[in-house]
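**Q** sequence and predicted structure below; questions after.
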Amino acid sequence: MVTSIDMSLFLKVLSYSLLPAAVMIIGGIIAARRTPGARVRSGILHFAAGVVFSVVAVELLPDVVRGHAPWEVAFGFGLGVAVMLGVQGLERKTGDKDTSGLPMGLLVGIGVDIAVDGLVLGIGFAAGAKEGLLLTLALTGEFLSLGLAASAELGQAGMPRSKAVMTISSLALLFVVCAAGGATLLHSLPHSALEIVLAFGVAALLFLVTEELLVEAHEEAETPLLTAMFFGGFLLFLLLGMMV
């Protein structure tokens, strides 16, 4: 049963988590209404890859290292790699898309990213209001780029605009649910379980960057500007993360 203190925290996290979720949906709508050209799409994917890579370096890895739980980390990381390789293998068997036309590897990777971010946001608010607020601002920037990137990829796959927006909205809802779960449940889990979750997230996000976002981004010829977009995304979240 949720206590009154937990309920107060739950409502605070729920309200703040709506901002990144709404921004992600807005980004999805923008990209769905005006499908970006190949170069713009590549720039969005580079930027999103930089942001997600920065999330791993700034937000997750420090917590994993501070935990000093090598066996739990090895298990969670290996599980994350195995799951993402399984998804990739399923993609190849089905022609890189399932029967509904969804680019499953990209969506699963983004879904894991969003779920982990939601849990971390909930834990951040459990640690303190300032940490939670600044993390909300950082995630808002990340989710804008993810919304644009995911919607651009769904459009590239030929998905109708309405269905693409619904898919992005579902991912945004996943973030809100996981944020609430992080505030009310995850922070009370045993330390070993938390380390496994974080290590799983690290592996899944690294896979998302290297095997999905950057692979798609490199379908367009590289230019110094496109490469700079990756580092710009990394720097943005790095600076925001330093404020937490």
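**A** Now that the structure is in, tell me what you want to look at. Numbering: from 1, shown residues only.

**Q** going forward, measure contacts and count neighbours with C-alpha atoms only.
**A** Noted.

**Q** the helices in the chain, which residues?
**A** For the chain, applying DSSP state H gives helices covering 4-33, 38-54, 61-67, 70-93, 104-127, 129-156, 161-184, 191-207, 214-217, 224-242.

**Q** so how far is stretch 56-65 from its chain's centroid?
**A** Distance of stretch 56-65 from the chain centroid (CA atoms, centre = their mean, to the nearest Å) equals 14 Å.

**Q** quick check: closest non-adjacent residue to Ile29.
**A** What sits nearest to Ile29 in space, not counting adjacent residues and going by CA to CA, 6 or more residues apart in numbering, is Val165, at 6.0 Å.

**Q** just checking, the one you found touches Gly27?
**A** No. Counting by CA atoms under 8 Å, Val165 does not reach Gly27; the two are 9.5 Å apart.

**Q** so what sits against both of these two?
**A** Shared contacts of Val165 and Gly27, defined by CA atoms under 8 Å, 6 or more residues apart in numbering, comprise Ser151.

**Q** looking at the two, which is more packed in?
**A** The neighbour comparison of Val165 against Gly27 (other CA atoms under 10 Å) goes to Val165, with 26 against 23.

**Q** find me the pLDDT at the more buried one, would you?
**A** We have a pLDDT of 91 for Val165.

**Q** contacting residues for it?
**A** Remark: with contacts taken as CA under 8 Å, 6+ apart, Val165 is in contact with 25, 28-29, 32, 151.
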